[in-house]
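1. Provided below for reference: sequence and predicted model.
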Amino acid sequence: MAAATARLGLLPFSRTLLWFRGALAALAAPGFLRTPTVRSSVTPAATPARDRLAACSRSRGFSSSSRPLSSDNKVTVNFINRDGTKLSVKGAIGDSLLDVVINQNLDIDGFGACEGTLACSTCHVILQEEVYNKLGPISDEEMDMLDLAYGLTDTSRLGCQICLTRSLEGITVRVPETAVDIRQPSDAGTTTSS
């Protein structure tokens with residue numbers, strides 16, 4: 001039987017198992033899954049929202065040397081926090097609004113709980129109508145998450161899906177008074193507000 005499997009190019013069971021163990025060990029090697037190409041190839045099937053999120057990630061790169069840190073590559077974003085305070089910060093072109101909140105360490109309670117994976121609606125923002133009209137069409141996945149957001153308006157979007165461009169210089173983004181992480185049970189008291 002071993003001769004037959006060798007002629008057919010098949011590995012005996014024990015050798016196959018060893019091969020799989022080696023392949024799994026290679027996958028588990030430090031840094032293997034941290035590269036952008038591997039990370040994007042492991043994600044579920046491409047969707048418009050995931051494509052837009054990937055475009056934000058690709059444009060910013062994964063090292064500080066990929067883009068100069070000059071003010072020419074930044075735009076001003078004004079956030080109106082849940083308590084009404086205005087937070088004005090600079091965000092890098094190509095970053096999402098969620099990236100800006102994280103990178104600038106803004107104190108917006110519960111914002112972006114799923115880290116931009118389209119699994120919650122905690123990065124729900126309300127835009128001015130002229131800003132909303134500058135953005136691309138909303139994807140079905142984003143709309144599904146927004147349907148579950150508290151305080152939905154005609155100009156609501158998810159911050160993880162809005163990539164900064166030069167045309168968004170000086171935008172004002174309002175964070176709703178309350179956010180609910182839909183991934184949590186409704187009776188767990190996961191509502192955040194000021």
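-> Perfect, thanks for sending it.
2. so where do the strands sit in the chain?
-> Taking DSSP state E as the test, the strands found in the chain are 74-80, 86-92, 124-127, 156-158, 171-174, 178-180, 191-193.
3. where do the helices sit along the protein?
-> All helices of the chain, identified by DSSP state H, fall at 2-7, 13-27, 36-42, 48-60, 97-103, 129-134, 140-146.
4. Quick one: mean pLDDT for the last one?
-> In this model, helix 140-146 has an average pLDDT of 94.
5. where in the protein is pLDDT low?
-> The chain contains residues with pLDDT under 70 at 1-71, 180, 182-183, 185-194.
6. switch the cut-off to 90
-> Scanning the chain for pLDDT under 90 picks out 1-72, 109-110, 148-150, 177-194.
7. what number of residues lie near the spatially closest residue to Glu129 that is not a sequence neighbour?
-> Residue nearest to Glu129 in three dimensions, not counting chain neighbours: Thr155, with 5.6 Å by Cβ to Cβ, 6 or more residues apart in numbering. Bear in mind the C-beta positions are built from the backbone N, C-alpha and C, glycine included. Thr155 has 16 neighbouring residues, counting by other Cβ atoms under 10 Å.
8. ok, Thr155 - contacts?
-> Neighbouring residues of Thr155 by Cβ atoms under 8 Å, 6 or more residues apart in numbering: 126-129, 131-132.
9. Quick one, which of these are buried?
-> The neighbour-count test (16 or more other Cβ atoms under 10 Å) marks 126-127, 131-132 as buried among these.
10. ok, those vs Ile93, which is closest?
-> Closest approach to Ile93 among the buried ones among the contacts of Thr155 (Cβ to Cβ): Val131, at 15.5 Å.
11. which ones are touching the closest one?
-> Val131 makes contacts with 155, 168, 171-172, as judged by Cβ under 8 Å, 6+ apart.
12. For those, give me JSON lines that also has distance to Lys74.
-> Shown next, in JSON lines, are those (distance: Cβ to Cβ, whole Å):
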{"residue": "Thr155", "distance to Lys74": "24"}
{"residue": "Leu168", "distance to Lys74": "11"}
{"residue": "Ile171", "distance to Lys74": "13"}
{"residue": "Thr172", "distance to Lys74": "17"}
